[in-house]
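1. Here is the input, now give the coordinates:
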Amino acid sequence: MRYAIILLIIFIVIWVGQFSYTLWIRPIEQPTSEILRLEKHFNSKKIIGHIYPVRHGYNHSRVLSVSAFKIEDYPLPFGLVDCATEQEAISRSSPQAGLPNELQPVRNGKVVLDFTLWGDDTISMAQSVKNVFMDYVHEP
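-> Numbering: from 1, shown residues only. Model prediction:
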């Protein structure tokens, strides 16, 4: 019984350590070159703003970087997730229950656009952002 308790304590310490590293200690990944090109694309299409990195707890083998795009003079940023594989992007862009069609996450290549915290009063801006995002052509 004593060995089982010691093993349980060791497991809990390892789990807490991994959790702490992932959420608070690990450096924030900077936006990838794909995300930076998307920033230029949005600005060239008159959705003026800037990209900034976001702390996340995703596995490096699944997500390369998570960023947010803050639109100038607009209160809500939207999220951009650069996935490691196209399959991961497909799974991250699956429809979410309870969201209107205009606010559903969409995928363009390995990048997923997500409207976290956007509501029904933001649909026209979301549609404009989606149109510009889907207009983006990835460079090889």
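
2. Tell me where this protein has helices.
-> Secondary structure of the chain (DSSP state H): helices at 2-20, 33-44, 86-92, 123-135.

3. Could you list the low-pLDDT ranges of this structure?
-> 22-23, 26, 139-140 (pLDDT under 70).

4. report the longest strand in this protein, please.
-> When the chain is scanned for its longest strand (criterion: DSSP state E), the result is strand 63-71.

5. Return the set of buried residues in that strand.
-> Counting neighbours by 16 or more other Cβ atoms under 10 Å, one finds that the buried residues in strand 63-71 are 63-69, 71. C-betas here are computed from N, CA, C, even on glycine.

6. Nearest residue to the middle of the chain?
-> For the chain, V81 is the residue whose C-alpha lies nearest the centre (Cα atoms, centre = their mean; 3.2 Å).

7. Need the nearest residue in space to T116, chain neighbours excluded.
-> G79 (5.2 Å; Cβ to Cβ, 6 or more residues apart in numbering).

8. what's around the one you found, how many residues?
-> Neighbours of G79 under the rule other Cβ atoms under 10 Å: 18.
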